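**Q** from the sequence below, what's the structure:
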Amino acid sequence: MGGWAWRWVAWSTTGAYVPSAGSTLTQNASYFGSSFYLHIRGFNSEGVPNGTLDLGPFHYWDGTHPVTPTVVDDGAYTTADYIHAQWSPIGPSADYYEYAVGTALDFQSIIPFTNVGLAREITHDNLSLAEGETYYVTVRGTAGSNNVTGSCDGITVAPRIERISEAKALVDTDSAALYGKTVTAVFPDYAYVQEQRGPGVRVFSRKTLAVGDVVDLAGRMAGADTEKRMEADTVVERSSGSVGPTAMAGLYLGGRAFEYSPESQTGQQAVSAYCDGVLLELPSINNVGMLVTVLGRVTQSNIDGFYLDDGSGWNDFAVTGPGSPPGVKVSVPLGVTTPPEGSYAVVTGINSVSQADVGLRRLVLVRQQSDIVVY
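**A** You can find the predicted model right below:
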């Protein structure tokens, strides 16, 4: 044989044969999306072709071809002006990302596709979104001449609820959006928000909060049989403020049932205590979740809490004595020192509840050491 030549082409292209003097050939495909073929033609010593070998198709595989981005929003519910989302990378070859916000009918109805470079997170807090409507964030990633698109599973604007008490009256799993509430306490797994001189509510959220944050929040209500709470998908910090504690006698902590129905799971269950050996609902309107200040004599003290008796005669136990101290239970976080038995203390904390064999009992949650003043 006098030699050979080759032609490496996609299905729809043509080209001249390339002479080769060697016996091996290595060739790379130049772009994604086509099948390639290798055509080999042999020549005799006079340079006359003597047939063609056609090989293929060879399918192009690009290890850097973009993958569809996974787009994640904040959860099931948001407020009427807030959208946040982030997404996974499409691969190391990404040139830029674009995002759009809209409804199922028009995925660009709120924000058309907008280039954000290589950023993979967006936040908008000044939108005009419709209550009850579900919105989607769509992301388009581009790498060279290729692009891939992904969308989140949708987030719904929760109905606006003006007051925390109205939210507590809702059925468990109902959605709600609260606006302009102040954070009064932050614990490892949850926080509390409150209105000025009004009720408070426990909030479960992935958001890191601080006492004094003024926030908007949206999510589902839960906990009618224990402590009514919001399981918040969206929490938006708006400003800062403060809510002072309300001084309260022990017999007014907790209070009567509020819009409570065990069948429909609405409202907040009553909080009870023993008075003259009889278990009764506390004689006040329900105030679970408020920041309060209580005072009294320390009747028992342990590493994780103590009992505080203000002399009002309402206790956790039908008969008080050793191991069954009079007063209200106070819980302290790790690292906070409890006052000694027999001392008098002024205590600030969240008016919460604990589960008992029958019903709920009063529980004050101390936030920090300075919440306890000993005399």
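**Q** could you chop this protein up by domain?
**A** 3-59, 71-157, 164-243, 247-374 (automatic domain parsing).
**Q** where does the prediction get shaky in the stretch 1-150 of the chain?
**A** Residues of the stretch 1-150 of the chain that meet the criterion pLDDT under 70 lie in 1-23, 25-35, 59-64.
**Q** mind running it again at 50?
**A** Flagging of the stretch 1-150 of the chain using pLDDT under 50 yields the residue ranges 1, 8-13.
**Q** circling back to that earlier point, looking at the domains of the chain, which is buried most?
**A** domain 164-243 (a mean of 20; mean count of other Cβ atoms under 10 Å). C-beta: built from backbone N, CA, C; applies to glycine.
**Q** in CSV: the domains of the chain, plus distance to His65.
**A** CSV is the format used below for the domains of the chain (distance: least, Cβ to Cβ, whole Å):
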stretch, distance to His65
domain 3-59, 6
domain 71-157, 6
domain 164-243, 33
domain 247-374, 50
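**Q** and the closest residue to Arg229 other than its chain neighbours, what are its bridge partners?
**A** Excluding its sequence neighbours, the residue lying closest to Arg229 (Cβ to Cβ, 6 or more residues apart in numbering) is Arg202, at 4.1 Å. When assigned by DSSP bridges, Arg202 has beta-bridge partners Tyr192, Arg229.
**Q** do Val235 as well
**A** Leu217.
**Q** check contacts around it.
**A** Each residue near Val235 by Cβ atoms under 8 Å, 6 or more residues apart in numbering is listed here: Val203, Ser205, Lys207, Leu209, Val215, Asp216, Leu217.
**Q** would Ser165 count as being in a helix?
**A** Yes. Judged by DSSP: H, G, I helix; E, B strand; the rest coil, Ser165 forms part of a helix.
**Q** touching, it and Gly200? I think so.
**A** No. Using Cβ atoms under 8 Å, Ser165 is not in contact with Gly200; the gap is 10.2 Å.
**Q** packing partners for the helix or strand hosting Val373?
**A** In the assignment (DSSP states H and E), Val373 maps to strand 372-374. For strand 372-374, the packing partners by 3 or more Cβ pairs under 8 Å, 6 or more residues apart in numbering; DSSP states H and E come out as strand 344-355.
**Q** tell me which helix or strand comes right after the strand it packs on.
**A** Assigned by DSSP H and E, the successor of strand 344-355 is strand 360-365.
**Q** next, the angle from that following strand to strand 344-355.
**A** Taking axes from the mean of the first three to the mean of the last three Cα atoms, to 10 degrees, strand 360-365 and strand 344-355 form an angle of 130 degrees between their directions.
**Q** pLDDT of strand 360-365, averaged?
**A** Averaging pLDDT along strand 360-365 gives 97.
**Q** can you pull out the residues in contact with it?
**A** 185, 187, 226-227, 250, 253-254, 269-273, 282, 292, 294, 308, 316, 328-331, 347, 349-355.
**Q** let's see it at 6 Å
**A** 253-254, 269, 271, 316, 328-331, 349-350, 352-354 (Cβ atoms under 6 Å, 6 or more residues apart in numbering).
**Q** check which helix or strand the residue of the chain most remote from its centre maps to.
**A** The C-alpha centroid of the chain is most remote from Glu46, which lies 77.5 Å away (Cα atoms, centre = their mean). Assessed by DSSP H and E, Glu46 sits outside every helix and strand.
**Q** for the stretch 251-375 of the chain, just list every one of the strands.
**A** 258-261, 266-268, 272-275, 278-281, 291-302, 305-309, 314-315, 328-331, 344-355, 360-365, 372-374 (DSSP state E, counting those that start in this stretch).
**Q** returning to that earlier point: closest to Phe36 among the contacts of Val235?
**A** Lys207 (51.8 Å; Cβ to Cβ).
**Q** for Phe95, which non-adjacent residue is closest in space?
**A** One thing to correct before we go on: residue 95 is Asp, not Phe. Thr142 is the one closest to Asp95 (Cβ to Cβ, 6+ apart), at 5.1 Å.
**Q** for that neighbour, give the beta-bridge partners.
**A** Tyr96, Asn147.
**Q** distance of it from Ser312?
**A** 69 Å (Cβ to Cβ, to the nearest Å).
**Q** again with Arg220
**A** 36 Å.
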